[in-house]
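J.: just need the structure, nothing else, for what follows:
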Amino acid sequence: MLPLQRLQDFIARHQLFNGKSRLLVAVSGGRDSVLLIHLLKRAGLDVGIAHCNFQLRGDESDFEQDFVAGLAKRLEAPFYTVNFDTANYADQRRISVQMAARELRYQWFEEIRESFDYDYIAVAHHQNDSVETILLNLIRGTGIAGMHGILPKNGFIVRPILFLSRDEVDGIVAAENLSYVEDSSNASVKYARNKLRHQVIPVLKELNPNLEQTFEGNMQRFRGLEELLKLQTQKLHDELFVEYAGDTLIPIEAIKTLRPQRLLLYGLLSDYGFSETAVDDIIASLDKHAGRTFESPGYLLVLDRTQLILTKRRRTKSASMLIEQGTREVNCGDYKLTLLHDDSPLIVRDNPMAASIDAELLSYPLTIRSWAEGDYFYPLGMKGRKKLSDFFVNEKLPVHVKDTVPVLVNGNGDVIWIGGYRADDRYKVTAYTKKVTIFELYKLNYER
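T.: This next block holds a predicted model:
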């Protein structure tokens with residue numbers, strides 16, 4: 001007898017969908033997915049059937065496709081199918097065939113879901129799939145998230161028969177005399193999941209015949225711990241992360257007092273793409289000299305004197321932009337530079353984003369660019385020259401900010417102005433100045 005009441009209880013408990021939801025059901029033709037579609041259809045739900053032919057097993061793949069097409073016809077359900085050149089896709093992207101098949105099918109399922117107004121994609125994972133996933137994660141290395149198993153609902157993906165074990169699926173399919181297709185690759189132990197399924201789990205079940213139920217209890221506990229960790233890290237995030245001038249500041253002393261430090265710091269930084277290895281390196285560097293930078297795909301984390309500075313990865317150094325005589329404005333990196341010419345010796349004061357330069361000392365074309373190793377200038381109001389690298393250190397400029405500072409260079413190679421910080425003393429306005437050019441910077445408001 002089909003476990004319709006257990007199905008409905010499971011759907012309600014996990015709020016998978018409601019009775020009016022339209023479900024696109026992934027049906028391979030195997031016993032799991034065949035049981036799933038019969039259950040959902042018998043429950044009176046609005047379903048469509050989607051089948052992927054990965055063209056990996058020749059005639060067998062084609063036979064499965066025909067079988068599912070016939071099943072959809074008998075159940076009077078809309079049928080969608082597609083053929084993939086899976087092996088070629090895997091070669092082009094240099095990934096495994098299994099990963100390629102996963103990417104292809106879920107991309108296609110989502111396309112069908114959106115195109116034909118389905119609410120969810122239903123897949124036929126059961127308890128043993130979840131057990132195998134946890135064991136694989138443990139073997140490869142995992143955090144708490146890898147211990148919660150396969151979730152009943154993840155975005156638009158729902159798993160309505162996750163309450164059943166493999167033995168239960170086999171028993172129901174046999175009792176209901178449901179026709180299905182056996183995938184010959186399921187018997188192969190060359191794949192890690194199949195090796196666990198056929199060689200490891202049977203031994204574990206000898207030790208614990210109720211293995212699936214035990215794992216289900218463990219998974220619920222781990223999901224609770226994961227939720228607790230998320231709540232704690234969110235609380236810490238709200239307390240410790242301070243937004244300032246487009247960056248995020250995190251006090252180092254507060255990080256040092258976290259307990260357990262590694263777990264909580266990883267929880268705080270994982271959303272920004274930092275790995276556990278990076279977190280280990282950050283912890284090891286907290287008492288060392290400032291200036292070290294740690295990278296994730298989307299962010300930089302700079303170890304400053306008293307704080308960690310978290311910033312979005314910026315573009316590479318801005319390309320040099322030439323400024324011809326008569327130019328009134330030019331964009332460079334994150335800034336717009338404007339030029340104002342005047343016949344009187346005006347001096348701009350109290351505005352670090354502007355500089356008054358003796359116009360008769362300018363040799364066009366000028367250049368605005370990022371700083372380079374070996375750059376030096378004569379800071380206004382100081383004697384002697386100074387390397388820009390040393391100037392940035394004295395200004396306590398974080399490492400990640402230096403490359404964004406626009407540097408104005410004369411046609412003869414002299415640095416005229418460190419935009420936003422200091423002009424060169426050689427180009428200052430004096431009592432002998434007859435004409436002045438005022439350079440002013442404006443920060444561009446776009447996402448970096």
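J.: mind checking how far the closest residue in space to residue 159 that isn't next to it in sequence is from residue 13?
T.: Spatial nearest neighbour of residue 159, chain neighbours left out: residue 125 (4.6 Å); criterion: Cβ to Cβ, 6 or more residues apart in numbering. Using the backbone N, CA and C atoms, a C-beta is placed for each residue, glycine as well. To residue 13, residue 125 is 16 Å away according to Cβ to Cβ, to the nearest Å.
J.: how is the chain partitioned into domains?
T.: According to automatic domain parsing, the chain comprises the domains 4-220, 242-312, 321-443.
J.: and the ones you listed as CSV, adding mean pLDDT?
T.: Listed next are the domains of the chain as CSV, based on pLDDT from 0 to 100:
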stretch, mean pLDDT
domain 4-220, 95
domain 242-312, 91
domain 321-443, 91
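J.: JSON lines for the ones you listed, including distance to residue 234 and mean neighbour count?
T.: What follows is those, written out as JSON lines (distance: least, Cβ to Cβ, whole Å; neighbours: other Cβ atoms under 10 Å):
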{"stretch": "domain 4-220", "distance to residue 234": "15", "mean neighbour count": "17"}
{"stretch": "domain 242-312", "distance to residue 234": "9", "mean neighbour count": "15"}
{"stretch": "domain 321-443", "distance to residue 234": "26", "mean neighbour count": "16"}
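J.: report the contact partners of the residue nearest to residue 159.
T.: 32, 150, 159, 161, 162 (Cβ atoms under 8 Å, 6 or more residues apart in numbering).
J.: max pairwise distance over these: which two?
T.: Farthest pair in those (Cβ to Cβ) is 32 and 150. Separation: 12.7 Å.
J.: show me where the stretch 1-150 of the chain has helices.
T.: Assigned by DSSP state H, counting those that start in this stretch, the helices in the stretch 1-150 of the chain fall at 4-13, 31-42, 59-75, 86-93, 97-115, 127-140.
J.: nearest to residue 260 among these would be which one?
T.: Here helix 127-140 is closest among the helices of the stretch 1-150 of the chain (Cβ to Cβ), at 19.8 Å.
J.: list the contacts of the closest one.
T.: Against helix 127-140 from outside (Cβ under 8 Å, 6+ apart): 146-147, 149-150, 162-166, 192-193, 196-197, 200-201, 211-212, 215-216, 218-219.
J.: pull the distance from that helix to the chain's centre.
T.: 23 Å (Cα atoms, centre = their mean, to the nearest Å).
J.: partner strands of the helix or strand just after it, with direction?
T.: Where DSSP states H and E defines the elements, the next helix or strand beyond helix 127-140 is strand 153-154. When pairs are called by DSSP bridges, strand 153-154 turns out to pair with strand 157-158 (antiparallel).
J.: need the helices of the stretch 1-150 of the chain in TSV with distance to residue 187, can you?
T.: What follows is the helices of the stretch 1-150 of the chain, written out as TSV (distance: least, Cβ to Cβ, whole Å):
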stretch	distance to residue 187
helix 4-13	29
helix 31-42	14
helix 59-75	12
helix 86-93	20
helix 97-115	16
helix 127-140	15
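J.: among the ones you listed, which is nearest residue 410?
T.: When the helices of the stretch 1-150 of the chain are compared (using Cβ to Cβ), the closest one is helix 86-93, at 49.5 Å.
J.: and the angle from the closest one to helix 59-75?
T.: 110 degrees (axes from the mean of the first three to the mean of the last three Cα atoms, to 10 degrees).
J.: which strands or helices does helix 86-93 pack on?
T.: helix 97-115 (3 or more Cβ pairs under 8 Å, 6 or more residues apart in numbering; DSSP states H and E).
J.: quick one: contacts of the helix it packs on?
T.: 24, 26, 48, 50, 52, 54, 56, 80, 82, 84, 86-87, 89-90, 93, 95, 118-121, 156-157, 191.
J.: who wins for proximity to residue 387 among the helices of the stretch 1-150 of the chain?
T.: helix 86-93 (45.8 Å).
J.: and stretch 348-356, end to end?
T.: 6 Å (Cα to Cα, to the nearest Å).
J.: pretty sure residue 322 contacts residue 369?
T.: No - using Cβ atoms under 8 Å, residue 322 is not in contact with residue 369; the gap is 9.7 Å.
J.: that older thread, export the domains of the chain as TSV, with columns for distance to residue 235.
T.: Output for those, formatted as TSV (distance: least, Cβ to Cβ, whole Å):
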stretch	distance to residue 235
domain 4-220	17
domain 242-312	10
domain 321-443	27
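J.: out of those domains, the one nearest residue 232 is which?
T.: domain 242-312 (7.1 Å).
J.: can you give the distance from that closest one to the centre of its chain?
T.: 17 Å.
J.: that one spans what distance, first to last residue?
T.: End-to-end for domain 242-312, by Cα to Cα: 15 Å.
J.: any idea how far residue 51 is from the closest residue to residue 118 other than its chain neighbours?
T.: Nearest non-adjacent residue to residue 118, counting by Cβ to Cβ, 6+ apart: residue 24, 4.1 Å away. According to Cβ to Cβ, residue 24 and residue 51 sit 11 Å apart.
J.: identify the contacts common to these two.
T.: Joint contacts of residue 24 and residue 51 (Cβ under 8 Å, 6+ apart) are residue 80.
J.: so which residue is smack in the middle of the chain?
T.: Nearest to the mean C-alpha position of the chain, counting by Cα atoms, centre = their mean, stands residue 273 at 6.2 Å.
J.: now it: phi and psi?
T.: phi 90, psi 10 (degrees, to the nearest 10).
J.: what sits against it?
T.: Contacts of residue 273 by Cβ under 8 Å, 6+ apart are 296, 297, 298, 299.
J.: which single one of the residues you listed is nearest to residue 246?
T.: Taking the contacts of residue 273 together and measuring to residue 246 by Cβ to Cβ, the closest member is residue 299, at 12.4 Å.
J.: settle this for me: that closest one is touching residue 311, isn't it.
T.: Yes - between residue 299 and residue 311 a contact is recorded at 6.6 Å, counting by Cβ under 8 Å.
J.: give me the element residue 222 is part of.
T.: Here residue 222 is assigned to helix 211-240, by DSSP H and E.
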